[in-house]
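Q: here is my input, please return the structure:
(4 chains)
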Amino acid sequence: MQSFFQEAVIPHFNFWIYVIIMMVGLWSVIAKNNLIKKLIGLSIFQTAILLLYVSLGVKEGATIPVLDHHALIESSHSESSEGSGKKAIAINPDHYANPLPHVLMLTAIVVGVATLGVALALTQMIYKDFGTIEEDEVLKKIKALHDDV
Amino acid sequence: MSDHYPALVLLAPLFGALVIGLFGLRDHRVCLPVVVSALGVSLFAAISLVLSVSSGGPVDYFVAGWKEPIGIGIQLRADAINTPLLVVIAIVALLAAIFSIRPAAERDSEKTPYFYVLFLLLCVGLFGITITADAFNVFVLIEVTALSSYGLVAIGQSKRGKVAAFHYLIMGTVGASFYLLGVGYLYLKLGSLNMQDIHGILASDDALADSRAIRTAFVFILVGIWTKMAFFPLHGWLPNAYSYSPSGSAAILAPLVTKVSVYVMVRMMVSVFGLDRLEANVEWGHFVVWLAIIAIAAGSTMALAQREIKKMLCCLIIAEVGYMVGGAWLGDPQRWGLTGTVYHILADALMTSCLFLAAGIFAKWLGALKLEDLSGLFRKMPLAAAGFVVGGLAIIGVPPTCGFYSKFYLIRGGIESGQWTYVVALLASSLVNAVLFFRIFEIAYFGKKPADSHGDDHGHDHESEPVVRLEPPLHALIPLLVAAALLVLLGLFNGPVVEFIRTGLIETAAVVSTGR
Amino acid sequence: MIVTFDIIILVFLVIAAIISLSVKDLLAAAMVFGIYGFLICLLWAEMGAVDVAFTEATVGAGVSTVLIVATILNTRRKSTD
Amino acid sequence: MKAKIFASIAVAITGAVLLYAVSDFPRFGDPRSPANAGVEGGSPSASLYYIENTYRDTKVPNLVTAILADYRGYDTMFETVVILTAGMSIFAILRVLRRDDAPGAPASAPDSSDHSIDGDHHRIIVATTCRIAAPLIQIFALYVVAHGHHSPGGGFQGGVMLGASFILLALSGSLRDTLVRFSEQQYLRLAFIGILIYAGFGFLPLWVGRNFLDYGALSGLLMTSGEEMARSHSMLGVEIGVAMTVMSIMFAIFANLSTRGRLHGGL
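A: Numbering: from 1, shown residues only, chains lettered A, B, ... in the order given. Okay, here's the model as predicted:
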């Protein structure tokens, strides 16, 4: 048991948690009856994916992906005397976190809030039309509509 | 300018949407000309792309000029698989745009510009998904498509439309998230988002390609895309969303959204994971073909049970998605199944467009929502009925229409790969379609009401007799007839189209797997 | 990245997610969801994703919560589950 | 109950598949993992290229901004389009454009007694504080937009903050007063203009024969000392476009959601 934890869980702790959060979200999307609860679940489900991506880009001992100004200025000074072609050498990639997942997840966050907004608008319309935001009651009222038409 | 057609295809509708947003919200007359001209530009660019692909092979376009090393920028790629689809998207969108001059029901005509903005944004998303060669970019554009379709489904007055849109939103978001998750797994193992790059790495490293994470990635991408295309066990959102949306929305959503998702699946199979890899895992193919057979059976059975026209058509879409998924996974060495699938994407987009346009006409100008309401249709609107008949014949698979040929190629793939159950399911489903449509034709031609026979006897002397022509206005009739004509044309010219697709498919599969 | 900090926030994150999904009062659920957003924003900052953290702080903890609260006030506060 | 059993089964299967794959993952925080450094024996991953060459290509120290607005600017444009689409969808769904709507009266009018925060009864301390705070927030938001090249921030964050400042005004004071300052017509127009700025910056290079969004081609137009500075400046322009769209749509979403699409009354 302990070796399992040491080998499988500890090095991948973030990934385990992401699966758990994701499953909590997915479960409530399917099982919750209240529409707003479903949407909160959906948001949590989406943030779990963000957690996966951001965890991918983490490097031990690395700093944020904003280059150090002073280093840059010094390197560009020294290069201007030496000539071009060596600019990349001044930057050690291991010192900076991987920026690409961050970019992707900025997009995903924005998509998430956009979806949430549309979903909340639909929830309000459903409430206006059916007077409830519980899914089973809504479905019951829809059945009644069916009989009318 | 001709170098920029891959970008222009989707920039035209985007700028169209912006123009409507800036000038059309006040003056509704701006909307339609802008929509038609934007889609016209797209159609022109798409046709030019087809021509340049057929003469010079795939066209690559590197957005922002970031070409080397591959994968740092976003690449667009037009090849034989996606250019015909671009043309079909443009055509179907144009037809739907002309059809929906007064889209969001008369009561709410203030929302017309919003309808058109969403309509064009949907087109942007569809074009973008089709042409991009970047796995993450597909996700962003799927969301553009999805959010605009939620709006289009719920824009009408229907109360059920809102609930349908909500369910669509939940399913769609979960599906897109699964896709994103799959792409994340690919990125985690391969460090790249560019489809060609991913394929190159996978093709060169067997151990990596068979690793757990890559398999899981593939499963999640597939499940996500299947949710988006309403593949059978995940189809729950589709019938309500499409049948309770306004006719104008249904005329664009139903033909295109599911088909583009099928295209994404084909794209993932051909130029991300690689056909060789998939064929090495035969049992996966068998499993998916079995799922597809179940989907076909379920779709056809549900269609038989429906009394409403649009619901029935929606169930047929589910069956058709089964055809396409099954066909793509047949894995016959000559690639007839896959070719048939790509051809069927085109054919089915046009068929569904034709049928939904017809259903929209019946709903709007006859008030006919159920099958029985169609009685006497041939006398009331003969031209519209003719268009509907062509659509019906195409979906049954009667020779001069494209439906016959697409099924022919799918069945050929099934025979060559020895998947007899799939062949049987296809034929049985065609039979079910025949039953469904001839039942409708019967109702429409002979009618069931005593009043009709009465009218026949006495000719046209009574005012009250329903012999009056109710032919819909031209803006609705012309798209329907054009769609019907295209069905026949695509059928007649199936040879060159299929040859184009098949050589392109074989080339893509071969080139990429030896690449790098 | 500080592992202890990471683990603590992750544990709190799971707790916040479960609480916000299990309370019956939707307004409370929305508030806990805001806390969840803030925790995850801390997590991003801790993992070096400062831009993501910034966006999450404004979007996840700020605007999303406000939108949910607006909807709850316009619909109903009680939930059966 | 059926839903819960089904949910549990679905979640169990999905979770099992995900955990099955987790053991195959590279160690958390490994700088040599494929995502960070590329596949072994293959070409280095794109992110290495970004870290090493972004400053050379664009003169922007914040890698995230540079990738967001330049290398993957195409994604970002559609991300902004997603926001716009969401705004338009919400309009299409919720906005009540006619006074004589609701002949069939809502199924049950939402009772305002138990929850409504009274719109007319201003809490004067809160309202005044928020009114003082709002301009400061806006100035900071503008700083975030403009300084995104050198520090965390950029169009989205700044745009959301700008939108949030209006939301704050509407929440603390009244929506009606805020709408006087920032009317529906204005925010709709700004939302479209924002994307027009973005797409316009992308479209300009086409006239000189360069690819879409290739800002380097704009060095003549922007009178910069080279393609790198042209990229840097164009990114700022693009971020401003993003900020405009995001600000407008965020406020629009709030205004519609808080009033059920009527734009009067309020929470």
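
Q: would you check how far apart residue D:167 and chain A are?
A: Distance from residue D:167 to chain A, counting by C-beta to the nearest C-beta, to the nearest Å: 12 Å. For glycine as for every other residue, the C-beta is placed from the backbone atoms N, C-alpha and C.

Q: number of residues surrounding that residue?
A: Using other C-beta atoms under 10 Å in any protein chain shown, residue D:167 has 25 other residues around it.

Q: ok, it to residue D:173 distance?
A: 11 Å (C-beta to C-beta, to the nearest Å).

Q: tell me the helix or strand right after the helix-or-strand element of chain A with minimal mean pLDDT.
A: Least confident helix or strand, chain A: helix A:69-82 with a mean of 58, by mean pLDDT, DSSP states H and E. Note on helix A:69-82: by DSSP states H and E, the next helix or strand toward the C-terminus is helix A:99-130.

Q: what helices or strands is whichever helix or strand comes after that following helix leaning on?
A: Toward the C-terminal end, the helix or strand that comes next after helix A:99-130 (DSSP H and E) is helix A:135-148. Applying 3 or more C-beta pairs under 8 Å, 6 or more residues apart in numbering or on different chains; DSSP states H and E, we find helix A:135-148 packed against helix A:35-56, helix A:99-130, helix B:159-190.

Q: one more time with 7 Å, if that's ok
A: Helix A:135-148 is packed against helix A:99-130, helix B:159-190, with contacts defined by 3 or more C-beta pairs under 7 Å, 6 or more residues apart in numbering or on different chains; DSSP states H and E.

Q: now it, how far from the chain's geometric center?
A: 35 Å (C-alpha atoms, centre = their mean, to the nearest Å).

Q: touching chain A at all, stretch B:112-130?
A: No: between stretch B:112-130 and chain A, judged by C-beta under 7 Å from any C-beta of the partner chain, nothing touches; the nearest distance is 11.2 Å.

Q: report the rounded mean pLDDT for that stretch.
A: Computed over stretch B:112-130, the mean pLDDT rounds to 91.

Q: show me the contacts for the nearest residue to residue B:258 once chain neighbours are set aside.
A: With sequence-adjacent residues excluded and distances taken as C-beta to C-beta, 6 or more residues apart in numbering or on different chains, residue B:258 is closest to residue B:229, at 4.7 Å. For residue B:229, the contacting residues are B:258, B:261, B:262, B:321, by C-beta atoms under 7 Å, 6 or more residues apart in numbering or on different chains.

Q: surely the third one meets residue B:346?
A: Meaning residue B:262. No: Residue B:262 is beyond contact range of residue B:346, at 10.8 Å (criterion: C-beta atoms under 7 Å).

Q: who has more neighbours out of those two?
A: Between residue B:262 and residue B:346, counted using other C-beta under 10 Å, the more crowded position is residue B:262 (28 against 25).

Q: which strand or helix spans the closest residue to the more buried one other than its chain neighbours?
A: Nearest non-adjacent residue to residue B:262, counting by C-beta to C-beta, 6+ apart: residue B:324, 4.7 Å away. Per DSSP H and E, residue B:324 falls inside helix B:309-328.

Q: which stretches of chain B have low pLDDT?
A: Within chain B, the stretches with pLDDT under 70 are B:1, B:102-109, B:447-469, B:511-516.

Q: how about the residues of the stretch 151-300 of chain B near chain A?
A: Listed as neighbours of chain A in the stretch 151-300 of chain B under the rule C-beta under 7 Å from any C-beta: B:154, B:159-160, B:162-163, B:165-166, B:169-170, B:173-174, B:177, B:180-181, B:184, B:187-188.

Q: just the residues you listed that are near chain D?
A: Contacts with chain D within these, counted by C-beta under 7 Å from any C-beta: B:154, B:187, B:188.

Q: contacting residues for the residue lying closest to residue B:191 once chain neighbours are set aside?
A: Spatial nearest neighbour of residue B:191, chain neighbours left out: residue D:45 (3.3 Å); criterion: C-beta to C-beta, 6+ apart. With contact taken as C-beta under 7 Å, 6+ apart, residue D:45 is in contact with B:191, B:192, D:34, D:35, D:36, D:37, D:38.

Q: now the residues you listed as CSV including neighbour count?
A: Putting these into CSV (neighbours: other C-beta atoms under 10 Å in any protein chain shown) gives the following:
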residue, neighbour count
B:191, 28
B:192, 29
D:34, 23
D:35, 28
D:36, 29
D:37, 20
D:38, 22
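
Q: which one of these is nearest to chain C?
A: residue D:36 (11.9 Å; C-beta to the nearest C-beta).

Q: show me the contacts for that closest one.
A: Residue D:36 neighbours (C-beta under 7 Å, 6+ apart): A:57, A:59, A:98, D:45, D:47.

Q: count the neighbours of the second one for me.
A: By the measure other C-beta under 10 Å, the count of residues near residue A:59 is 22.

Q: please tell me I have it right and it contacts residue A:93.
A: No: using C-beta under 7 Å, residue A:59 is not in contact with residue A:93, being 8.6 Å away.

Q: from residue B:291, how far out is the residue most central in space within chain C?
A: Taking C-alpha atoms, centre = their mean, the centroid of chain C lies closest to residue C:36, which sits 2.2 Å from it. To residue B:291, residue C:36 is 36 Å away according to C-beta to C-beta.

Q: same question, residue B:197
A: 30 Å.

Q: ok, the closest residue to residue B:491 other than its chain neighbours - contacts?
A: Distances taken as C-beta to C-beta, 6+ apart place residue B:402 nearest to residue B:491, at 4.0 Å, with adjacent residues excluded. The contact partners of residue B:402, by C-beta under 7 Å, 6+ apart, come to B:347, B:350, B:394, B:487, B:490, B:491, B:494.

Q: how about residue B:309?
A: B:359, B:362, B:369, B:370, B:371.

Q: out of the residues you listed, which end up buried?
A: Applying 16 or more other C-beta atoms under 10 Å in any protein chain shown to the contacts of residue B:309, the neighbour count classes B:359, B:362, B:369, B:371 as buried.

Q: got the phi and psi for residue D:96?
A: Backbone torsions of residue D:96, given as degrees, to the nearest 10, read phi -100, psi 110.
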